[in-house]
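>>> Fold the following, please.
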Amino acid sequence: MKTSNVVKEKSFYVRGAGSGPATERCQRLNTSEAESAINDNKELLKLLTRIINSTKQGMDT
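Sure thing, here's the model as predicted:
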């Protein structure tokens, strides 16, 4: 039987509210990483909004 060599990153495990590796990973994020992620999400939201609006316009005609 073949086994995979997948390594699970411990930062995804949550051991309860406010503790564990996931919380530690969040605390290690610096401000520039957080701002970059927020800006990326804003750009995705704009793109999705444009797609939804153009789809709605196509359905209205």
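>>> what residue ranges in this protein score low on pLDDT?
Within the chain, the stretches with pLDDT under 70 are 1-30, 61.
>>> In it, which helix is the longest?
helix 31-60 (DSSP state H).
>>> buried ones in it?
Across helix 31-60, burial judged by 16 or more other CB atoms under 10 Å covers no residue at all. C-beta coordinates here come from the backbone N, C-alpha and C atoms, glycine included.
>>> Start the count at 28 instead of 1 going forward.
Right, with 28 as the first residue, what we last looked at is helix 58-87.
>>> so who does residue 77 touch?
Applying CB atoms under 8 Å, 6 or more residues apart in numbering to residue 77 gives no contacts.
>>> With residue 59 as the reference, measure out to it.
27 Å (CB to CB, to the nearest Å).
>>> With residue 69 instead?
Taken as CB to CB, the span from residue 69 to residue 59 is 16 Å.
>>> And for residue 82?
From residue 82 to residue 59 the distance is 35 Å (CB to CB).
>>> can you check residue 78 too?
On the measure of CB to CB, residue 78 and residue 59 end up 29 Å apart.
>>> Could you check how far residue 82 is from residue 64?
Distance from residue 82 to residue 64, by CB to CB: 27 Å.
>>> Residue 72 and residue 60, how far apart?
In terms of CB to CB, residue 72 sits 19 Å off from residue 60.
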